[in-house]
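[1] sequence plus the predicted model coming up.
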Amino acid sequence: MKRCSRCKIEKPLSEFSPSVQQRLVGGYCRKCAAAQNRVWHRSRCEYVHARNRWYRDRRNGRRGERERAAADSANKAAFREHIRNGGTLLDGLKLLQLGPVQMALAEIVVKSGGSASLDEILNGLYGDQPNPDDRGRCIKALKLVTFKLRRKFENTGFAFVRPGYAMGWEIVAEGDAR
Ligand SMILES: [Zn+2]
């Protein structure tokens, strides 16, 4: 007889696997070993599923990125075509699929003749900001918007540039756009 270390029941040796029979102490009976094996197998399955899901999500994420990049370059091609055909920069902005704040910022700069000061931009985007604390927050938010807007203008023939520190922004034609 041997006592199973899982169910604590004393059972004949034949109830244990040969390798456990040889051990003087400890070991699971066949029934407990099978149950434990199922637990392990289930957790292993869950792990494998989770791992596969992780790879699948990552793959789909990358595919999403590729699709976004393709849409982005199609938008830019439409924009270049629009400018080549004599379209205005203001109308062309609509082709670049800008976010609402990006659009507002680009419109402020274009409507100011291609160059807007920092104050013009802050007033246009956030209204008059008499509180210096708010001004700092607005500039911080503006930095994020301009970072993305600069990329939206890459390969369009135009560049969204800052002429100097704290000097606002300009949209300038570059290369063969004109
Ligand atoms: Zn047992």
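    Looks like it arrived, so ask away. Numbers count the residues shown, from 1 in each chain.
[2] does the strand or helix carrying Glu65 reach the ion?
    Assigned by DSSP states H and E, Glu65 falls within helix 30-84. Yes - for helix 30-84, a contact with the ion is found by C-beta under 5 Å from the ion, at Cys32. Backbone N, C-alpha and C define where each C-beta goes, glycine included.
[3] return the distance of that helix from the chain's centre.
    What separates the centre of helix 30-84 from the centre of its chain is 13 Å, taken as C-alpha atoms, centre = their mean, to the nearest Å.
[4] which helices and strands does it pack with?
    helix 89-92 (3 or more C-beta pairs under 8 Å, 6 or more residues apart in numbering; DSSP states H and E).
[5] next helix or strand past the helix it packs on?
    Next in sequence after helix 89-92, counting helices and strands by DSSP H and E, comes helix 100-111.
[6] let me know the average pLDDT across that next one.
    Here helix 100-111 scores 92 as its mean pLDDT.
[7] next: stretch 171-178.
    Computed over stretch 171-178, the average pLDDT equals 66.
[8] how much space between Gly157 and Leu93?
    13 Å (C-beta to C-beta, to the nearest Å).
[9] of these two, who's got more company?
    Here Gly157 and Leu93 are compared on neighbour count by other C-beta atoms under 10 Å; more neighbours surround Leu93, at 21 against 17.
[10] can you pull the pLDDT of that one?
    pLDDT recorded at Leu93 is 94.
[11] same check on Gln97?
    So, for Gln97, pLDDT stands at 89.
[12] tell me the contacts of it?
    Counting by C-beta atoms under 8 Å, 6 or more residues apart in numbering, Gln97 touches 71-72, 75, 152.
[13] nearest to the ion, of those?
    Ranked by distance to the ion (C-beta to the ion), these are led by Ala71 at 61.0 Å.
[14] which one is that closest one nearest to, not counting chain neighbours?
    Gln97 (7.5 Å; C-beta to C-beta, 6 or more residues apart in numbering).
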